[in-house]
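# Sharing a model that was predicted from the sequence below.
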Amino acid sequence: MAGPVHVERTRVAWVDTDAGGRIHFTAAFRWAEAAETALGRSLGLLQEWGDLPRRAVEAEYLQVLRFEDEIEVELRPERVGTTSVTYAWEIRRDGEVCVRGRHTAVHVDGQGKAAPLPESMRRALATPS
C-alpha cells in the first residue's frame, strides 16, 4: 500500500540513551510514535486519534545511535485494514538506516473491543501524499 509518508527530524537526547551511551531500545518506539502523531496532525486526523492502542511492535537495530546524533524518522502506513493500521518506519543517520521497525495500532470502542477505523482516517491513510 502506498499511503502518505512523513519524515520527522530530531536529535538523540540524553534521556534516550542508556548507561553505555547508546540509545535505549524504547527510544525508537517513542520517535516512531512522534512521527505517527505528526502524520495524523498533517492529515487533520487528531480528533479521531485517541483510541488506537498498540497490538504489535517490532524493531531491528542495525547501527548504534548515540547522544546528539541527528536522525530522521520516516514513517508510512504499510497496511490499512478495517480496524487497524500497520506503520512501517526507518530511523536514519546521514542517510544510513540505523533502526527499522513497524507497529500495528487497533481502533477500539469504549469497551476496548476492535471497532472499524473512521472512514475519513482509512481514506487519508491509504491515499499517497
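That came in fine, so what should we check first?

# how about the spatially most central residue of the chain, what does it touch?
Closest to where the C-alpha atoms of the chain average out (CA atoms, centre = their mean) is residue 32, at 3.3 Å. By CB atoms under 8 Å, 6 or more residues apart in numbering, the contact list for residue 32 reads 73, 75, 87, 89, 91, 101, 103. Just so you know, the C-beta spots here come from the backbone N, C-alpha and C atoms, and that holds for glycine as well.

# Over to the fifth one: give its phi and psi.
With angles defined as degrees, to the nearest 10, residue 91 sits at phi -110, psi 120.

# is it in a bridge, and if so with what?
Bridge pairing for residue 91 (DSSP bridges) gives the partners residue 73, residue 99.

# Verify the stated contact: it with residue 30.
No. Using CB atoms under 8 Å, residue 91 is not in contact with residue 30, being 10.9 Å away.

# So if I had to pick from the two, which one is more boxed in?
More crowded of residue 91 and residue 30, by other CB atoms under 10 Å: residue 91, with 30 against 14.

# who's in contact with the more buried one?
28, 31-32, 65, 71-73, 97-101.

# show me where pLDDT drops low in this protein?
1-2, 129 (pLDDT under 70).

# Please, where are all the strands along it?
6-11, 54-61, 70-80, 84-93, 96-106 (DSSP state E).
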